[in-house]
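# Got a predicted model here, sequence first, then my questions.
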Amino acid sequence: MVNPWRGEVALLLDGRRHVAKLTLGALAELEDTLAAGSLIDLVQRFEAGRFSSRDVVALLVAGLRGGGWEGTAADLRTVEIGGGPMEAARVAAELLARAFALPGET
């Protein structure tokens, strides 16, 4: 069971439920992955609906790794994500929102 107060979001990979959360370490990894831009740029892209599939993959990998998953972006590209690309984008956006929300805001 996920705990939204801790910023956790669930995601199905190949039918198996995983917990994702953007810990400080996961956020640092995400910044490295983004190469160009900052987390603020990423938040603004999601708020404006201008995010890319690369943004979604980077967020999911960082969140999954923050939840204890040991995979990579290459691994994520080979699994079936429950709910498909739309669910992947929804989970990525929710991870980002929960990482920067005060308790009770999401």
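Everything's here; your move.

# C-alpha from now on. contacts and neighbour counts both.
Fine.

# what about the strands in this structure?
9-13, 16-20 (DSSP state E).

# tell me the mean pLDDT for the first one?
The one in question is strand 9-13. Strand 9-13 shows an average pLDDT of 97 in the prediction.

# again with stretch 90-99
92.

# list the buried ones in it?
91-99 (16 or more other CA atoms under 10 Å).

# hmm, back to that, which of the strands of the chain is buried the deepest?
strand 9-13 (a mean of 19; mean count of other CA atoms under 10 Å).

# Show me what the helix ranked longest in the chain packs onto, helices and strands only.
Secondary structure of the chain read by DSSP state H shows that its longest helix is helix 84-99. Judged by 3 or more CA pairs under 8 Å, 6 or more residues apart in numbering; DSSP states H and E, helix 84-99 is in contact with strand 9-13, helix 53-66.

# Which of these has the highest mean neighbour count?
Buried most deeply of those, by mean count of other CA under 10 Å, is helix 53-66, with a mean of 23.

# Just want the angle from it to strand 9-13.
Counting by axes from the mean of the first three to the mean of the last three CA atoms, to 10 degrees, helix 53-66 lies at 100 degrees to strand 9-13.

# what's the angle between helix 53-66 and strand 16-20?
Using the same axes, to 10 degrees: helix 53-66 against strand 16-20 is 90 degrees.

# Now do helix 53-66: which elements does it pack against?
Checked by 3+ CA pairs under 8 Å, 6+ apart, helix 53-66 has strand 16-20, helix 24-34, helix 73-76, helix 84-99 packed alongside it.

# Setting aside sequence neighbours, what's the nearest residue to E80?
Closest residue to E80 apart from its sequence neighbours, by CA to CA, 6 or more residues apart in numbering: D14 at 4.9 Å.
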